[in-house]
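>>> Sequence and predicted structure below; questions after.
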Amino acid sequence: MRHRTTITDPVGKRQEQAPGPGGSVLFGALSSFKKDTLRLLTELQRQYGGVVRMKMGPYLVHQVTDPEAVRHVLQDNARNYVRGRFYRGFHLFFGRGMLTTDGAEWRTRRAVSRPFFHRAALRARSATVTDTVEELLDRWEPHARSGRPVDITDDMMWLAMGILGRMLFGVDLRRYADRLLPAVRFSLKAMILTGEVKQMLPRWVPTAYQRRLKRHQRTLNDVMDEIIDLHRRGGGSPDSVVAALLKATHEVTGEPFTQRQIRAELKTLFLAGHETTGCALAWTLYAIARHDDVRTRLDAELTTVLGGRVPTAEDVDDLPYLRAVVDESLRLYPPIWLFPRDTVADDRIGGHHVPAGSTVLVPVYAAHHNPAVWDDPETYAPERFCPAHAGQGTNGGTRTGRTPRQRDRYDYFPFGGGARKCIGMDLALLELRLAVAMVVQRYRLQPAADHPVRPTALVSLRPQPGVVVHISHNGPAERKTPPA
Ligand code: HEM
């Protein structure tokens, strides 16, 4: 039932509260929010619309999915929105780095890393991406010969980690995988503050959970310290982001970055950069494996444009269907499914009063699955992103009998928007497009029976329990190995 309440703001103006489920507590406790978060957020959007007011545990929260309202929060009035209480869990593992800070603290960090993410700089190094993909494809040869089902999810994380290390860290991060991966697995769960007692106890209480937390934090710190020390001693690459951080001056302190600040920045790039891209790769290959028509059309485009050779960054411009396949995967399975903010001052979103100090959630998953915006939102249909559809409405327009609408910038925002838009977007898209092209050129993946996959809302949208496929060679023998 919709609750419509009118309130009077501090200057005596009457404003309507956003609709919402009412009552003081929606989920009883944050832990129940965790159980089926994606369904809850999507249903709230469908039932109450683009701006929804609710209580989550003790917190007043507004969920925002209407494109105008998302633009307001991420772009037009972004100064009024800070990382806030939901980011506190992230501090445990990311430290105070580019993702978790605001204002000048954030600006100085972003400025150091920015040159590494320029499209031209990335394009010039696309062979690093394709070489790393090639190594993975070679590792899949025994799977293709045996025909046995294989879970490719971890391989995608492994690939993303390999590319990230070579492109940014000046070392192959996979060298540290045995230590890093258990720490990542633990931290992805622990970063989401669910209100469980084990998370609420003070840090000094010696519980088994706190001991594990400290151990994994220490591992992440130790590995980053080793990479920094390697660069200090002249090892590593002089062109890496590590070297740039060692040379940079901090805008706020006027001093060089401290070891702790450099470490936080590296943890941020590592954690934000590999798991997201790994999930996106796994979901895209899963979607292609499930849709033979998509795979056939993509294979035909790749054969026509590339004729079996390894793609370059420039080739991607001539592969519109490949780009559409990746874009549609990021719509249906957005790796970052929610971004939270806290309001600094009172605000009006979509005409609704939003008080200072409350939380605004932008659930990109619910926005990307909004039936008012997307025709058949649960269907995987790359055609939506093909040039023939460019500028057309996303809701099917006349075909569905609805009033056609032009696509809005904030109908689709897998990488966020405004000044805090993902710094790694161009790297992630380059990786995704080149890797997907190379997998499809060389192999055919088919979903293994009895291995259903469910999107699970951890820090990123994980395919769980995993993407299990049969791998076989694609096409005639001469297409399996691209010419040198
Ligand atoms: C498919 C892959 C990726 C997706 C879907 C993704 C998504 C996002 C989104 C939605 C945000 C904004 C969050 C917010 O506004 O609260 C973000 C921020 C960020 N991403 Fe990504 N990301 C991806 C890959 C990467 C890569 C490869 C890197 C680095 C190597 C990276 C580093 C970052 C950083 C550092 C931020 C914080 C930026 C800031 O606050 O200034 N991401 N990402």
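Okay, I see it.
>>> all helices of the stretch 251-400 of the chain, in order?
Here the stretch 251-400 of the chain has its helices, by DSSP state H, counting those that start in this stretch, at 259-290, 292-306, 320-332, 364-368.
>>> Quick one: the strands in the stretch 301-450 of the chain, in order.
Ranges of strands in the stretch 301-450 of the chain, per DSSP state E, counting those that start in this stretch, are 339-343, 347-349, 352-354, 359-362, 443-447.
>>> before we move on, back to that, okay, the helices of the stretch 251-400 of the chain, which one's buried deepest?
Burial among the helices of the stretch 251-400 of the chain, expressed as mean neighbours by mean count of other Cβ atoms under 10 Å, is greatest for helix 364-368, which shows a mean of 26. All C-beta spots, glycine's among them, are computed from the backbone N, C-alpha and C.
>>> could you give the mean pLDDT of that helix?
Within the predicted structure, the mean pLDDT of helix 364-368 is 97.
>>> mind listing what Ala428 touches?
Ala428 makes contact with Gly273, Thr276, Thr277, Ala280, Phe415, Cys422, according to Cβ atoms under 8 Å, 6 or more residues apart in numbering.
>>> what does Thr276 give?
Applying Cβ under 8 Å, 6+ apart as the definition, the contact partners of Thr276 turn out to be Pro335, Ile336, Gly424, Ala428, Ser460.
>>> and if we set it to 6 Å?
By Cβ atoms under 6 Å, 6 or more residues apart in numbering, the contact list for Thr276 reads Pro335, Ser460.
>>> quick one: Thr249 and the ligand, what's the gap?
Going from Thr249 to the ligand by Cβ to the nearest ligand atom, to the nearest Å gives 19 Å.
>>> Can you give me the neighbour number for that residue?
For Thr249, the count of nearby residues is 11 (other Cβ atoms under 10 Å).
>>> Likewise for the one 5 residues further on?
Counted with other Cβ under 10 Å, residues neighbouring Gly254 total 7.
>>> Can you list phi and psi of it for me?
Dihedral angles phi and psi of Gly254 (degrees, to the nearest 10) take the values phi 70, psi 10.
>>> And the pLDDT for it?
At Gly254, the predicted lDDT confidence score is 93.
>>> swap in the one 4 residues further on?
Turning to Thr258, the model gives it a pLDDT of 96.
>>> Check the one 10 residues further on too.
In this prediction, Thr268 carries a pLDDT score of 94.
>>> Could you do Gln199 as well?
60.
>>> List, one by one, the residues from the stretch 201-350 of the chain near the ligand.
Residues of the stretch 201-350 of the chain lying close to the ligand by Cβ under 6 Å from any ligand atom are Thr268, Leu269, Ala272, Gly273, Thr276, Thr277, Ala280, Pro335, Ile336, Phe339.
>>> what's the closest of the residues you listed to Thr132?
Thr277 (11.9 Å; Cβ to Cβ).
>>> show me what contacts that closest one?
Per Cβ under 6 Å, 6+ apart, neighbours of Thr277: Ala160, Ala428, Glu431.
>>> Closest one of those to the ligand?
Proximity of the contacts of Thr277 to the ligand, judged by Cβ to the nearest ligand atom, is greatest for Ala428, which lies at 3.6 Å.
>>> any idea what sits nearest the residue in the stretch 151-300 of the chain that the ligand sits nearest to, other than its immediate chain neighbours?
When you check the stretch 151-300 of the chain against the ligand by Cβ to the nearest ligand atom, the closest residue turns out to be Gly273, at 2.8 Å. The shortest distance from Gly273 to any residue other than its chain neighbours is 4.8 Å, reached at Leu164 (Cβ to Cβ, 6 or more residues apart in numbering).
>>> Make sure the one you found is indeed in a helix.
Yes: with DSSP: H, G, I helix; E, B strand; the rest coil as the criterion, Leu164 is located in a helix.
>>> What about it, how many residues nearby?
Residues lying near Leu164 (other Cβ under 10 Å) number 25.
>>> Tell me the pLDDT of the closest residue to the ligand within the chain.
Residue of the chain nearest the ligand, by Cβ to the nearest ligand atom: Gly424 (2.2 Å). The predicted local distance difference test score for Gly424 is 97.
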